[in-house]
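Asks: task: produce atomic coordinates for the following.
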Amino acid sequence: MTGGVAAAAGHVRSAVAGGQRRVIRTPDQRLRIFVSSTLRELTEERAAVREAVESLRLAPVMFELGARPHPPRALYRSYLAQSDVFVGIYGESYGWVAPEEEVSGLEDEYNLAPPEMPKLIYLRASEGRDPRLDTLIDRIRADDSAAYLSFASTDELRDHVRNDLAILLAERFDASRSPADQEISDAVPAAAPKIPIPYTSTIGRERDVAAIRDLLTGSAHVVSLIGPGGVGKSRMAIEVARESEDLFPDGVYFVLLEGVLEPGLVVPTIAYSLGVRDNGEAPLEERIARALSGRRVLVVLDNFEQVIEAAPLLVRLSHASPMATFLVTSRIVLRIRGEQVFDVAGLPVPDSWTRATLERVHRTPSCRLFADRASAVSPDFTLSEANAQDVADICRRLEGLPLGIELAAAKVRVLGTRGIAERLEQSLPLLTAAVRDLPDRHRTMRATIEWSVSLLPPSQRALLEDLGVFATRFTFDAVEAIGRGRPWGEHAMDDLAALVDSSLVKPVDVDGRPVFSLLALVREYAIGRLKERGDAAVVRAAHADHYRDLVARIAPGLGGPGQADAVAELGLDLPNLRAAVRHLIHTGRLDDAGDFAWSLLIYWWVAGFFAEVRVWMLELLGKDEPITPHTRAVAWFFALWGEMWQRPSAEAVAGLGECIRLFEESGDEDAAAMALAARATARLQLDLPDLDTADRELTAAVAKLHDLGNTWAAAITEVARGRLAWLRGLTDDALGHFDRATATAASGGDLFTTSVAGNHLARLQLVRGEIDAAEAQCVRTLLVSLRLHFEEGIAYGVEGLCAVAAARGDGERAGALSAVAAVIRHRIGVFDAEAFTVHTPQLDAMRAADPDAVAAGERRGAELTLAEALALALPADALAEAGAVIERW
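Replies: Take a look at the predicted model:
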């Protein structure tokens, strides 16, 4: 630390050097900092620590419901298990000790932190500290894995944390760089897990998991896990995916369809999960098929019943990619060719005709599950002869449904097993009788949720129902935003905490950010109740307004220096961005929906979501309601974008001309200039392209965009001008356009266009034989693409350096880099031969001169990780910069 930094660094060095070295988790998982403190006493200090952590591009792990009286120990454990550093902030309060507990949550967090985890402790100057906190601090002073320092103000604390973490990071990164030939390789781990991390253990499913794994090794291309809500299909799919990774050497991908309600969005959602980017230039389904072709992968599609009309897609993908396997969870059978159905049943329950002895209950999976979840709520709970009969009765009445058992177990601290059993005996028959239109187990699960909710006070019940508007996950800030004017609004923090304790809301971690989610069945119940109350429109409007405000705050950074951060932040909230558009269209706020979509144009472009936006905009245009000319222009622009690339026609050109007219009529000169550039690009796709008219329109569009200060659109349009000049054989002019585009984008901090323009510039330099200039440009754009996590740009940069290596006679290096680029392009479904094969002439010439060297390189390159490829591709000075970029990625 600044005063204790040497000690902290020493502790870090010893932790890193030990046998359990915790490898730095970048780029896909940033270093995660768990922050422990009392909340109400240290609110400002927590905010200062969060600022310090985020300023270093690290991920704070902060359960912002605060230091509640006694949050479940499993929650501490799950957050700590995903963290790398423990930061404790202590003031005067020791925190509340809950009944039946011996220590406060504050001390419990410290106790649960793994011994090898570095601990940085900050003590606020105080003369009135709680004696029990003094005792804890004395323990900390004797802890070899902890370093501590006092602070007097939040500014001082912020500086201490920032400096200490910077030193800590440097120590860890330095330790990961040995030996020298693995400098970047050690800093870059395998990709972040694509399979969700379960926060509790899976019990009683060993045979089912083994049976499904056997199905996956057979001839079935689609295996469907079928069962009612709450039976544990999603959890089983997670376990199967984790247990089957060895069967699928090319990857396991988990596609969450929980927030996807339109069948037309299934393809974009699968593409997003696979890393296949949609720029409109080729049908997205075709790109997915190409990305899967020849690869032994498992694609898990969770919650397919709500998009069942999209099931034929799986048949088409299976035929196009016969080595790929699809594992689907659904409440109903897909009924497609080649589907292998596995019925997921509830967990076994004790026999009703025999006495529930302790030994029998211990053997029964449903009872073991109840005991596991009950002990998480009440650590002193154990199965015993005294409660065995009650536990058996509970599990039988809930028909072994895991979700129902978890909801019941969450009440054990308040009701005890006898109270739970009695209330289920009284309530479930009445509740299931009220929903007889559902199958038996659906009725039981619905009734169990209603029973669990009925035990909540009114404000918590109202909050749960309002949370149904969120898609997949949500932050506490979002909860507060929709709570303004709601009956629970002033108690949001405590009520949400109570719902977590009741297992109705799940805390999760996304990229180091604490967020919350509802299980699909609980969300269905919540939104159903919200509609019954007649409040759905009000809460949906609040949800949409919150995410409109979020977009208004983030979107301006998309075209400039904050682009990478803006893209990452929007990606975390993508499910709710989808839901916000859906709410706006559903409630008739069509003009707001158009503005929302247009403000995110750069995000859709960079992230590759044009197909998804097109679905929304066609729905908007299909509404028989008035819209402004601007909204109509926006909707047609997005609808025509894919058409002009995939099915170029005079009608598409004319349609974009109508967009120009409508934008001009609306007074939006900026949008009109972008539509003009799009129409010029559409002309170039025609069988008989009108080059002269396209040239005039692109020139006019660039001039207008420059005048308006839209550097992002001006730069991307300059790229189009360069492509046109290249097509006409005017390479000097093309070089000038690419150069201007690169300079404009770089000066504005636009990483995406810098990468696109820079790669075009480098390719043209290669064609002209300007090898040194091309190498320098490839290196620059490769580094930029790394910063944005733009895999296409990385592939193009590597291909450029392949051509450089071949031109200089290094056959093995050229072959290896060619193979690396081919693997990336295959995985993300990019096969744009015309635009991205300028490296092949040099490679072919090298192959003719030294075929053995190129072949050896290709074999080597196919096995390289990205980090190893970068070490091969980049010169020493750029290699150091790449390491720094990856460290912050």
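Asks: can you map out the helices along the stretch 251-400 of the chain?
Replies: Defined through DSSP state H, counting those that start in this stretch, the helices belonging to the stretch 251-400 of the chain, from first to last, are 266-274, 284-292, 312-320, 358-363, 365-377, 388-397.
Asks: got these as TSV, with mean neighbour count, mean pLDDT and distance to Ile238 columns?
Replies: C-betas here are computed from N, CA, C, even on glycine. Conversion of the helices of the stretch 251-400 of the chain to TSV gives the following (neighbours: other Cβ atoms under 10 Å; pLDDT from 0 to 100; distance: least, Cβ to Cβ, whole Å):
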stretch	mean neighbour count	mean pLDDT	distance to Ile238
helix 266-274	22	90	14
helix 284-292	22	90	21
helix 312-320	17	93	20
helix 358-363	15	90	25
helix 365-377	23	91	16
helix 388-397	23	92	22
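Asks: relative to Gly204, which of those helices is closest?
Replies: Closest to Gly204 of these is helix 365-377 (Cβ to Cβ; 2.4 Å).
Asks: by contact count, what packs against that closest one?
Replies: With contacts taken as 3 or more Cβ pairs under 8 Å, 6 or more residues apart in numbering; DSSP states H and E, helix 365-377 sits against helix 388-397, helix 402-409, helix 412-433.
Asks: can you tell which of those is closest to Arg32?
Replies: Going by Cβ to Cβ, the one of these nearest Arg32 is helix 402-409, 26.4 Å.
Asks: how many degrees apart are the closest one and helix 365-377 in direction?
Replies: Helix 402-409 and helix 365-377 meet at an angle of 40 degrees, taking axes from the mean of the first three to the mean of the last three Cα atoms, to 10 degrees as the criterion.
Asks: re earlier: looking at the helices and strands packed on helix 365-377, which is closest to Ala320?
Replies: Of all those, it is helix 402-409 that lies closest to Ala320, at 35.9 Å by Cβ to Cβ.
Asks: just to revisit the earlier point, any chance of the helices of the stretch 251-400 of the chain in a markdown table, plus distance to Lys194?
Replies: Formatted as a markdown table, the helices of the stretch 251-400 of the chain follow (distance: least, Cβ to Cβ, whole Å):
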| stretch | distance to Lys194 |
| --- | --- |
| helix 266-274 | 7 |
| helix 284-292 | 14 |
| helix 312-320 | 18 |
| helix 358-363 | 35 |
| helix 365-377 | 26 |
| helix 388-397 | 33 |
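Asks: circling back to that earlier point, winner for burial among the helices and strands packed on helix 365-377?
Replies: Most buried of those by mean neighbour count (mean count of other Cβ atoms under 10 Å) is helix 402-409; its value is a mean of 27.
Asks: who's in contact with that one?
Replies: 229-232, 235, 346-347, 366, 369-371, 373-374, 376-377, 394-395, 398, 420, 424, 444-445, 448-449, 452, 502-504, 519, 521 (Cβ atoms under 8 Å, 6 or more residues apart in numbering).
Asks: 7 Å instead, please
Replies: If you take Cβ atoms under 7 Å, 6 or more residues apart in numbering as the criterion, helix 402-409 is touched by 230-232, 347, 366, 369-370, 373-374, 377, 394-395, 398, 420, 424, 444-445, 448-449, 452, 503, 519, 521.
Asks: ok, His362 - contacts?
Replies: With contacts defined as Cβ under 7 Å, 6+ apart, His362 is in contact with Leu383.
Asks: roughly how far does the closest residue to Ser747 other than its chain neighbours sit from Asp695?
Replies: Leaving out its chain neighbours, the residue that sits closest to Ser747 by Cβ to Cβ, 6 or more residues apart in numbering is Thr711, at 7.5 Å. The span separating Thr711 from Asp695 equals 21 Å under the rule Cβ to Cβ, to the nearest Å.
Asks: ditto for Ala409
Replies: Using Cβ to Cβ, which is the criterion applied here, Ala409 is 70 Å from Asp695.
Asks: hmm, back to that, Asp545: which of the helices of the stretch 251-400 of the chain is closest?
Replies: Set against Asp545 and scored by Cβ to Cβ, the helices of the stretch 251-400 of the chain come closest in helix 266-274, at 24.9 Å.
Asks: now the angle from the closest one to helix 284-292?
Replies: Going by the same axes, to 10 degrees, helix 266-274 is angled at 30 degrees with respect to helix 284-292.
Asks: elements contacting helix 266-274?
Replies: Here helix 266-274 is seen to pack against strand 252-256, helix 284-292, helix 610-622 when contacts are counted using 3 or more Cβ pairs under 7 Å, 6 or more residues apart in numbering; DSSP states H and E.
Asks: tabulate the ones you listed (TSV), appending distance to Ala867.
Replies: Written out in TSV, the entries for the helices and strands packed on helix 266-274 read as follows (distance: least, Cβ to Cβ, whole Å):
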stretch	distance to Ala867
strand 252-256	21
helix 284-292	22
helix 610-622	31
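Asks: nearest to Glu669, of those?
Replies: helix 610-622 (21.6 Å).
Asks: what's the next helix or strand after the closest one packed up against?
Replies: Proceeding N to C from helix 610-622, the next assigned helix or strand is helix 629-646, under DSSP states H and E. Helices and strands touching helix 629-646, as assessed by 3+ Cβ pairs under 7 Å, 6+ apart, comprise helix 590-599, helix 610-622, helix 650-666, helix 669-685.
Asks: from the middle of its chain, how far away would helix 629-646 be?
Replies: Offset of helix 629-646 from its chain centre (Cα atoms, centre = their mean, to the nearest Å): 28 Å.
Asks: state the mean pLDDT of it.
Replies: Here helix 629-646 scores 93 as its mean pLDDT.
Asks: now that helix against helix 590-599, angle please.
Replies: Counting by the same axes, to 10 degrees, helix 629-646 points 50 degrees away from the direction of helix 590-599.
Asks: give me the contacts around helix 629-646.
Replies: Helix 629-646 is contacted by residues 280-283, 590-591, 594, 597-598, 610-611, 613-614, 617-618, 620-621, 652, 655-656, 658-659, 662-663, 665-666, 668, 671, 675, 681-682, 685 when judged by Cβ under 7 Å, 6+ apart.
Asks: of the helices of the stretch 251-400 of the chain, which approaches Val222 most closely?
Replies: With distances scored as Cβ to Cβ, the stretch of the helices of the stretch 251-400 of the chain nearest to Val222 is helix 312-320 (5.3 Å).
Asks: send the alpha carbons of the closest one over as PDB?
Replies: Coordinates of the C-alpha atoms in helix 312-320 are reproduced here as PDB (Å, rounded to 0.1, in the frame of the first residue of the first chain):
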ATOM      1  CA  PRO A 312     -37.100 -26.300 -38.000                       C
ATOM      2  CA  LEU A 313     -34.000 -24.200 -37.700                       C
ATOM      3  CA  LEU A 314     -32.300 -27.000 -35.800                       C
ATOM      4  CA  VAL A 315     -33.000 -29.400 -38.600                       C
ATOM      5  CA  ARG A 316     -31.400 -27.100 -41.200                       C
ATOM      6  CA  LEU A 317     -28.400 -26.400 -39.000                       C
ATOM      7  CA  SER A 318     -28.000 -30.200 -38.300                       C
ATOM      8  CA  HIS A 319     -28.000 -30.900 -42.000                       C
ATOM      9  CA  ALA A 320     -25.500 -28.100 -42.800                       C
END
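Asks: just use 24 as the starting number from now, easier for me
Replies: Got it, first residue is 24 now, which makes that one helix 335-343.
Asks: residues in contact with it?
Replies: Here helix 335-343 makes contact (Cβ under 7 Å, 6+ apart) with 244-245, 289-290, 311-312, 315-316, 347, 349, 359-361.
Asks: how does it look with 8 Å?
Replies: Under the contact criterion Cβ under 8 Å, 6+ apart, helix 335-343 has outside partners 244-245, 289-290, 308, 311-312, 315-316, 324, 347, 349, 351, 357, 359-361.
Asks: distance from that helix to the middle of the chain?
Replies: The mean C-alpha position of helix 335-343 is separated from the chain mean by 25 Å, Cα atoms, centre = their mean.
Asks: give me the neighbour count for Pro221.
Replies: Using other Cβ atoms under 10 Å, Pro221 has 13 other residues around it.
Asks: scratch that, Gly114
Replies: 19.
Asks: look up phi and psi at it.
Replies: Geometry field for Gly114 lists phi and psi as phi -120, psi -110, criterion degrees, to the nearest 10.
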